[in-house]
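Trainee: What would the 3D arrangement of this be:
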Amino acid sequence: MMRARITQDIKDSMKSGNKARLSTLRLITAAIKDREIGVGGAAPAEVGDADVVTILQKMVKQRRESIATYEGAGRNDLADQEKAEVAILEEYLPQQMDEAATKAAIGALIAELGAAGPKDMGRVMGALKERFSGQMDFGKASGLVKELLK
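Mentor: Prediction:
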């Protein structure tokens, strides 16, 4: 479903002449094809929507790291280009939960699992990743879980 949307958006970008968007969408399809082909000569695998979300999240993370590097080096032109790519990539990602919603979800999950202390952090994080994949920043969520499990 996501792949069909991306393919259609590529066609629309070609028709409208939006080269920056077209370039980013082609990067997405290349990353998806790389995942399909597999690593180390493994048999080609079907890439589902969940895999596409994971690929997009990785691409966003890479670009955010590049933005920090470029801004640190005073290359705002390159940072702006990366920011534009992030905006396009985020169009295809599920809506991220804000901090209040993330805290509420973590609190409810801790209560549901009966987690009592730091030793339960791995179990809580595993359940969060299973239920909220693509919807929350797990780097920030990890800090919140640690804070709530003290």
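Trainee: and Tyr92, what is it in contact with?
Mentor: 2, 5-6, 28, 52-53, 56 (CB atoms under 8 Å, 6 or more residues apart in numbering). Using the backbone N, CA and C atoms, a C-beta is placed for each residue, glycine as well.
Trainee: Kindly write the ChimeraX command that selects the buried subset of these.
Mentor: To isolate the buried members of those in ChimeraX, using 16 or more other CB atoms under 10 Å:
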select :2,6,28,52,53,56
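Trainee: Give me the helices and strands touching the host helix or strand of Ala79, please.
Mentor: Assigned by DSSP states H and E, Ala79 falls within helix 76-90. On a contact count with 3 or more CB pairs under 8 Å, 6 or more residues apart in numbering; DSSP states H and E, helix 76-90 meets helix 19-37, helix 49-72.
Trainee: so Tyr70 sits right up against Leu78, yeah?
Mentor: Yes: judged on CB atoms under 8 Å, Tyr70 makes contact with Leu78 at a distance of 4.4 Å.
Trainee: Show me which of those two is the more surrounded one.
Mentor: Tyr70 (18 against 15; other CB atoms under 10 Å).
Trainee: Give me the most central residue, this protein.
Mentor: Centroid-nearest residue in the chain, with CA atoms, centre = their mean: Gln57, separated by 1.9 Å.
Trainee: wait, doesn't that one sit right on Pro94?
Mentor: No: between Gln57 and Pro94 there is no contact under CB under 8 Å: 9.9 Å.
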